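Chemist: coords please:
(one chain, ligands or ions: 1)
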Amino acid sequence: MAVIEVEDATFAYGDQPVVEDVSLTVEEGEFLGLVGPNGSGKTTLLGLMIGLRQPDSGSVRLFGEPAGSRETGQRVGYVPQDVAGDERGMPVTVREAVRMGRYPSRPFGRFGDDDHAAVDAALERVGITDLVDRRVGRLSGGQRQRVFIARALAAEADLLALDEPTVGVDAESREAFYDLLGDLNEDGMTIVLIEHDIGVVTTHASEIACLNRELYFHGDPETFVETDALAEAYGGSQSVVHHQH
Ligand SMILES: Nc1ncnc2c1ncn2[C@@H]1O[C@H](COP(=O)(O)OP(=O)(O)OP(=O)(O)O)[C@@H](O)[C@H]1O
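Modeler: Residues are numbered from 1 along each chain as shown. Model (predicted):
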């Protein structure tokens, strides 16, 4: 089943076109790596894919429904860029932050055993049970990203959408973080990941989309490294790509 169906989507900020005629489908269980140069429209396209923005023309369907409805939104765990900025100073504990994932279905805050069990299971799944009473704003970048993932798991999200989640995270934590994403994907979670590091994407993703306003490539990692899509999207130069390995 298709989780995301983007058809001829175009989006501009004012008169600056940022996403042009993009069509792509993300199937259930897929791990899509979204790459492209700085300012190439990746964050904007991700926003279109999960219904945070509406295309100027074309269409986006999420779980078979027009993207942007409350129902489809609840099935998406979104980890935005620079979550540090959002959460710093917020006096919520890790447990409280993860529990927020249950709020949409419990508007009056009446939590039952199943809610507590879901929160505990999510904390355990991402390996942060020892952090439950810590404040989110005081965690390291890598730990904070795990809180966001745990919140999505507690919410029983079917899709994780992550925007450069390991910027500023040390190499060892990065590796552990991507191993976790890989494990979640193996368990059936559909993942869309914006990532600068082509090495990470070709290692972990099952599909790659390369964007520079238009879609330059969409296919499997093996084909991606064999084609010139990357160099073309980057304007003929690969030197701007940060290879980690
Ligand atoms: N809210 C906004 N208003 C106006 N222009 C914007 C807005 N958000 C982004 N842009 C511009 O749109 C273009 C694409 O931005 P976007 O964040 O989607 O790209 P990106 O590929 O995610 O970039 P990066 O890799 O640097 O995060 C950029 O030129 C950016 O300056």
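Chemist: tell me the secondary structure for residue 208?
Modeler: Here residue 208 is recorded as strand under DSSP: H, G, I helix; E, B strand; the rest coil.
Chemist: what sits against it?
Modeler: Residues near residue 208 by CB atoms under 8 Å, 6 or more residues apart in numbering: 32-35, 201-202, 217-221, 224. From N, CA and C alone the C-beta is placed, and that goes for glycine too.
Chemist: can we see that at 7 Å?
Modeler: 33, 35, 201, 217, 219, 221, 224 (CB atoms under 7 Å, 6 or more residues apart in numbering).
Chemist: list the residues that contact the closest residue to residue 49 other than its chain neighbours.
Modeler: By the measure of CB to CB, 6 or more residues apart in numbering, the closest residue to residue 49 outside its immediate chain neighbours is residue 4, 5.0 Å from it. Contacts for residue 4 were tallied using CB under 7 Å, 6+ apart; they are 25-26, 49, 62.
Chemist: these in helices, which ones?
Modeler: Judged by DSSP state H, the contacts of residue 4 include residue 49 as members of helices.
Chemist: buried subset of the contacts of residue 4, written for ChimeraX?
Modeler: Buried residues among these (16 or more other CB atoms under 10 Å), as a ChimeraX selection:
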select :26,49,62
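Chemist: same list, the contacts of residue 4, but as TSV with distance to residue 229 and pLDDT please.
Modeler: Compiled in TSV, the contacts of residue 4 are given as follows (distance: CB to CB, whole Å; pLDDT from 0 to 100):
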residue	distance to residue 229	pLDDT
25	18	98
26	18	98
49	20	98
62	26	97
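Chemist: one step back: as JSON lines, the contacts of residue 208 with pLDDT would be great.
Modeler: Output for the contacts of residue 208, formatted as JSON lines (pLDDT from 0 to 100):
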{"residue": "33", "pLDDT": "97"}
{"residue": "35", "pLDDT": "95"}
{"residue": "201", "pLDDT": "91"}
{"residue": "217", "pLDDT": "93"}
{"residue": "219", "pLDDT": "95"}
{"residue": "221", "pLDDT": "93"}
{"residue": "224", "pLDDT": "91"}
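Chemist: could you pull out the strands for this protein?
Modeler: Listed in chain order, the strands of the chain (DSSP state E) span 2-13, 16-27, 31-35, 57-62, 65-66, 76-79, 159-163, 190-194, 207-212, 214-219.
Chemist: okay, now the sheet partners of the fifth one, with direction.
Modeler: Spelled out, it's strand 65-66. If you go by DSSP bridges, strand 65-66 pairs up with strand 57-62 (antiparallel).
Chemist: the strand it pairs with: which residues count as buried?
Modeler: 58, 60-62.
Chemist: what is the nearest of the contacts of residue 4 to the ligand?
Modeler: Ranked by distance to the ligand (CB to the nearest ligand atom), the contacts of residue 4 are led by residue 49 at 11.8 Å.
Chemist: quick one: the closest one and residue 61 touch, right?
Modeler: No: under the criterion of CB atoms under 7 Å, residue 49 makes no contact with residue 61, lying 9.9 Å away.
Chemist: domains in this protein, by residue range?
Modeler: Domain assignment for the chain by automatic domain parsing gives 1-75+159-165+189-245, 81-157.
Chemist: could you tell me the least trusted of the ones you listed?
Modeler: Here the lowest mean pLDDT among the domains of the chain goes to domain 81-157, at a mean of 85.
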